[in-house]
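Q: the sequence isn't on hand, but the structure is:
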């Protein structure tokens, strides 16, 4: 007999709110449905209210782990609208931060994957080594997360000759530790039994469902924006696109671990071949009318920013397609036919960031129709009316008065 159970929006295995409705045949997943929209923050609308410089900092807060990826994608879109030619040194430094961020993201993911499998030793080891890359990012930018390195026309901070040996030493340590994690992923019995043959996503299905990033490359799809539509300093760098034909959670793990080694290799190239010169080009405040589609290979996969300008210092429209949103159809397919105990690791295998991708749909309840837009003042009035109707009061005040 089929049983339907909800998982989320609040659940110990979920770090962000999402709702899965799972139909089970015994312990096997017969069907699964997903509901998004619990964590929508209105960043796209907020970007229309700020100027282009303010929006660099806003877009970097779409995701704390991919802050450089988002601000780079936005910045290079605006730079294309302006027709700016960036100095080579600025492009190299921008790319260095992007690759250090990828190392940070993949090590963070490896720890979470270990935790979801009950392999907490792997979690503690990888997060300990994650401190190495966070220290390097702080050394370069002054920040451990949201690095705020980008500006329109290049980067805000240079790298001195005194700092370069420290960066190379940190990269060497990261390489040594990552080789150990590759050995763990390929030989440790507990890890293999929980990942091998779990969450299957055949190559044809990955292409059909438009999977991106390590999710797609773990199914043998050789596509990487850095190689196939290069940006920043990637045309000057020598690196491989890592793929696996395992098509399961183990394949996605191996791809991420090997990508860390490739990122270390790229970081070393950048430091050793860092060009001389300026780190940014001068940019005007106002952007001529036009539209642009800017792409980036974020740690989770292909990231897209659509920007439309109207000749002022404020964008008319900013639309963000985060890689997690692109990977939702593929993870639903991967879960079907599997077991309920595998849901946490299969879902974690796409490295989901729900705050990055959440969307809302506005409904006109009186007419039963979808509303495409809502003005800021209209949204403000709606929220005031909604909260008045709920009669929300201070919980502390209610508890105090309850005992009077």
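A: Happy to help now that I have it. As the structure is a prediction and not an experimental result, all values here were calculated from the model. Residues are numbered from 1 along each chain as shown.

Q: where are the low-confidence patches of the stretch 1-150 of the chain?
A: Along the stretch 1-150 of the chain, the model assigns pLDDT under 70 to residues 1.

Q: for it, what spans make up the helices?
A: Applying DSSP state H, counting those that start in this stretch to the stretch 1-150 of the chain gives helices spanning 43-49, 52-59, 67-82, 88-116, 120-141.

Q: and the last one with helix 67-82, angle?
A: Okay, so that is helix 120-141. Helix 120-141 runs at 40 degrees relative to helix 67-82, counting by axes from the mean of the first three to the mean of the last three C-alpha atoms, to 10 degrees.

Q: can you check the fourth one too?
A: Angle between the axes of helix 88-116 and helix 67-82 is 150 degrees (criterion: the same axes, to 10 degrees).

Q: ok, residues contacting stretch 237-246?
A: Applying C-beta atoms under 8 Å, 6 or more residues apart in numbering, the contact partners of stretch 237-246 are 95, 196, 203, 217-224, 226-227, 251-252, 254-255, 258-259, 262, 265-266, 269-270. Backbone N, C-alpha and C define where each C-beta goes, glycine included.

Q: list the contacts of residue 209.
A: Residue 209 neighbours (C-beta under 8 Å, 6+ apart): 329-330, 333.

Q: export the helices of the stretch 1-150 of the chain to TSV and tack on distance to residue 278?
A: Shown next, in TSV, are those (distance: least, C-beta to C-beta, whole Å):
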stretch	distance to residue 278
helix 43-49	28
helix 52-59	19
helix 67-82	14
helix 88-116	7
helix 120-141	17
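
Q: out of these, which is closest to residue 377?
A: Evaluated over the helices of the stretch 1-150 of the chain, closeness to residue 377 peaks at helix 43-49, with 11.8 Å, by C-beta to C-beta.

Q: give the buried residues for the closest one.
A: Across helix 43-49, burial judged by 16 or more other C-beta atoms under 10 Å covers 43-44, 46-47.

Q: which neighbouring elements make contact with that helix?
A: In terms of contacts (3 or more C-beta pairs under 8 Å, 6 or more residues apart in numbering; DSSP states H and E), helix 43-49 is packed against helix 52-59, strand 315-321.

Q: tell me how far the longest one is from the chain's mean position?
A: In terms of C-alpha atoms, centre = their mean, to the nearest Å, the gap separating the centre of helix 52-59 from the centre of its chain is 17 Å.

Q: stretch 161-176 now?
A: 25 Å.

Q: so for it, what's the average pLDDT?
A: If you average the pLDDT over stretch 161-176, you get 95.

Q: other residues contacting it?
A: Stretch 161-176 is touched from outside by 103, 129, 132-133, 135-136, 139-140, 159, 260-261, 264, 267-268, 271-272, 274, with contacts defined as C-beta under 8 Å, 6+ apart.

Q: how long is stretch 137-151 from one end to the other?
A: 17 Å (C-alpha to C-alpha, to the nearest Å).

Q: name the residues of it that are buried.
A: For stretch 137-151, burial by neighbour count (16+ other C-beta under 10 Å) applies to 137, 140-141, 145, 147-151.

Q: from those, which is closest to residue 305?
A: Distance ranking of the buried residues of stretch 137-151 against residue 305, using C-beta to C-beta, places residue 150 first at 12.5 Å.

Q: picking that back up, looking at the helices of the stretch 1-150 of the chain, which is closest to residue 305?
A: helix 67-82 (4.5 Å).

Q: list the buried residues of that closest one.
A: Buried positions in helix 67-82, judged by neighbour count with 16+ other C-beta under 10 Å: 67-79, 81-82.
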